[in-house]
Every structure is written in structure tokens, then in C-alpha cells.
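Q: predicted model and sequence follow; I will ask about them next.
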Amino acid sequence: MAKLKSLEDLKRVREEAQQNIKTRTETGTTIVVGMGTCGIAAGAREVMHAITDELEKRGIEAHVKTVGCIGQCVKEPLVDIEQAGMPRVTYVNVKPNMIPRLIEEHLVNGRIVPEWAMGRLEVS
Amino acid sequence: MREIALHVLDLLQNAVEAGAGRVTLTIDEDTALDQLTITVADDGRGMDAKTIRRVLDPFYTTRTTRHVGLGLPLMMAAAERADGMMTVESQPGVGTQVAATFRLSHPDRQPLGDMAGTLLAYLLSERDADLSYVHRRNDNSFEFDTAEIRAMLDGTPLADPTVRRWLANALTEGEEDLEHENGEAEIT
């Protein structure tokens, strides 16, 4: 029989998640990866892997979400970073090897990487 | 697309865009029949007969249905290159089922690729349509249903970082165990 983590395991996972949920919603970070046909073909799934790996490596608790196409297909893979109290920034033509610097600069140092950004929406 | 798993991710996104509440994905690798069959069925808004004919045309795309674009023509081309075919069945208001076959031993068949990554990308989707997944390889299988996982999580979202870590590990293990054909795997 194959060894596989059981659903029972999820109870423990859930409890762990619920303990941290409050801190995260206050200082929450969400990273959004475009996953339409255009994004997928341009390597968005590998970008998602690079993001989750880098977050794990640095122990950063951020949400990663996938969405469909937003119509900027030529600029895929697109990655949006949203942080509480910060402008939402869209990065374009993101490659997996850009992720360590992106996370270092944007999430750790709080500095936008202007040469990779498409634009910003000010938080109202 | 370099992997069949990337086409599968695309089909899953189609189902989500079609407003599905529940998606069923079946991957069946049968070496005796020398056939790989992939089926994606959803309970989304569906398409009428005229639209079905047009979705196979790569130059047909509409923002009003969003169930179209390059995704299906690319999948069809990939299947036909590997001596297989793709069929689309749909009924407005009921749902859509896409089935693609590939000859496993065909030299032009793409590798199945990173299915665990495809599943994770789908499960982190903003719109959370439940997924029933079965991956069979001859007598072995890996399967799970997100409805069961959600019930255990009691409201904690799948995209929660702690849950995401668990999912990434469970999916990778499930697919790897199937790769090594050492028995039944199931998230139960």
C-alpha cells in the first residue's frame, strides 16, 4: 500500500492554520498568479512553484492564488502582489529565476521592483 | 504546451470559467490498450451545438462565454498528433465533458508531466469549484475529492499557507507512488 498523508492529518493542519489566521489577516500578503491558457503556456505553473518554494525557504506566510486570464496575454506570466496597506503591484513576464529577488525586495525589504512592474492600483 | 498536464490545467480552468460548482477529472493510463484517456466533466453553463463546433476553431474566441480560445484546439492537436482524438459533449445548463485520447507508445505523445503541480494550481484557484480526481495506471490509482478535504478543514481555505503545504506534499506523494506503481493511493 502507498503511504499517503491521511485526511485525519488535516485536523491538525486546520488547527495550526486557525491559530495563525488572525495575524495573517492583519498583515496579510496575497500573491496572485495568472493561470489562463496564455499564462500556462508562458510558464505560470513553474512560476507558482518558484513562489511557493521561495516562501517556504524563507518561512513567509503568504497566500498564493491562481486566477484566469486578465487580457494582458503578451505580458504573461503575470504576478500580482497585494499587501495590507500597500499598493497592489502587477509584475509582468515573470520567470522563475526572478522570484527570489522579487520576494526579497518586495516582501522582505518592502521595495517595489520598478523595472518588472506593469502598474499599480492605489488602495482606496 | 510541453506537457499533457498543462493542457489538463487549461481544461480545468475552462470548467471554472464556465461557472462549474463541481469538476470531475479522470486520467486513465492503460498500457494493455496502449491508451491514455483524459476526461474533464463539469456542471457549468454548457454550450449549444453551434458553439461546440466553433470552440474547435482556434480563431473563434468570445469574452461572453469564456469557455473558448486556444485551449481546446491545442489539446485536440496534441491528441491527434499522438494517434488519438478529442471529443466535446455539452448541453446548455447541464455542463460540458471533454475527453481526449492518446496512444501511449506514440513517439509524438507528450509526457503527462507534473500532474501534482497542475492539481495544486487548480486547488489554489480563486474560484473554488470542487474537484473529484481519479488517476489510474493499470491496476493502481490515486484519487481524492476536494469536498471531503473541505469538510475536514471546516472553513479553512485550501489556499491557506499551512493547508497549501499539506496539499503540495500529499499530491506529490500520491502521484509519485503511482509512478512507482506500488499500490493504491488515496487521500482518505
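A: Looks like it arrived, so ask away. Residues are numbered from 1 along each chain as shown, chains lettered A, B, ... in the order given.
Q: and the pLDDT at the closest residue to B:R22 other than its chain neighbours?
A: Sequence neighbours aside, B:D130 is the residue nearest to B:R22 in space, at 4.8 Å (criterion: C-beta to C-beta, 6 or more residues apart in numbering or on different chains). (C-beta placed from N, C-alpha, C; glycine too.) On the pLDDT scale, B:D130 is placed at 96.
Q: which helix runs longest in chain B?
A: Counting by DSSP state H, the longest helix found in chain B is helix B:161-179.
Q: so for it, what gets flagged as buried?
A: Within helix B:161-179, the residues scored as buried using 16 or more other C-beta atoms under 10 Å in any protein chain shown are B:161-168, B:170-175, B:177-178.
Q: so which of these is the closest to B:L119?
A: B:L171 (5.1 Å; C-beta to C-beta).
Q: and the closest one, how far is that from chain A?
A: 10 Å (C-beta to the nearest C-beta, to the nearest Å).
Q: how about that residue, nearest residue that isn't a chain neighbour?
A: B:A116 (4.0 Å).
Q: B:L70 contacts A:I40, doesn't it?
A: No: counting by C-beta atoms under 8 Å, B:L70 sits too far from A:I40 to count as a contact (10.2 Å).
Q: more neighbours, the two?
A: The neighbour count for B:L70 versus A:I40, taken as other C-beta atoms under 10 Å in any protein chain shown, is higher for A:I40 (29 against 18).
Q: which non-adjacent residue is nearest the residue of chain B most remote from its centre?
A: Most distant from the centre of chain B: B:D154, at 25.4 Å, with distances by C-alpha atoms, centre = their mean. Take B:D154 and drop its neighbours on the chain: the residue closest to it by C-beta to C-beta, 6+ apart is A:R14, 6.0 Å away.
Q: what sits against that neighbour?
A: B:M152, B:L153, B:D154, B:T156, B:V163 (C-beta atoms under 8 Å, 6 or more residues apart in numbering or on different chains).
Q: tell me the phi and psi of it?
A: The phi and psi values for A:R14, taken as degrees, to the nearest 10, are phi -60, psi -40.
Q: state the distance from it to B:R150.
A: Distance of A:R14 to B:R150, given as C-beta to C-beta, to the nearest Å: 11 Å.
Q: and for B:L167?
A: 12 Å.
Q: got it, and B:D34?
A: Distance, B:D34 to B:R150, by C-beta to C-beta: 37 Å.
Q: these two: who's more crowded?
A: B:R150 (16 against 13).
Q: quick one: low-confidence parts of chain B?
A: Residue ranges of chain B with pLDDT under 70: B:61-69, B:181-188.
Q: on that earlier part again, identify the contacts common to B:L167 and B:R150.
A: B:L158.
Q: any idea what the most centrally placed residue in chain A is bridged to?
A: By C-alpha atoms, centre = their mean, chain A has its centre lying nearest to A:I31, at 2.6 Å. Taking DSSP bridges as the rule, A:I31 bridges to A:V64, A:I81.
Q: got the contact list for it?
A: Shown in contact with A:I31 (C-beta under 8 Å, 6+ apart): A:I51, A:A62, A:H63, A:V64, A:K65, A:V79, A:D80, A:I81, A:E82.
Q: let's see that with 7 Å instead.
A: Contacts for A:I31 (C-beta atoms under 7 Å, 6 or more residues apart in numbering or on different chains) come out as A:I51, A:A62, A:H63, A:V64, A:V79, A:I81.
Q: in TSV: those residues, plus pLDDT.
A: As requested, the contacts of A:I31 are arranged in TSV below (pLDDT from 0 to 100):
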residue	pLDDT
A:I51	97
A:A62	92
A:H63	92
A:V64	95
A:V79	96
A:I81	94
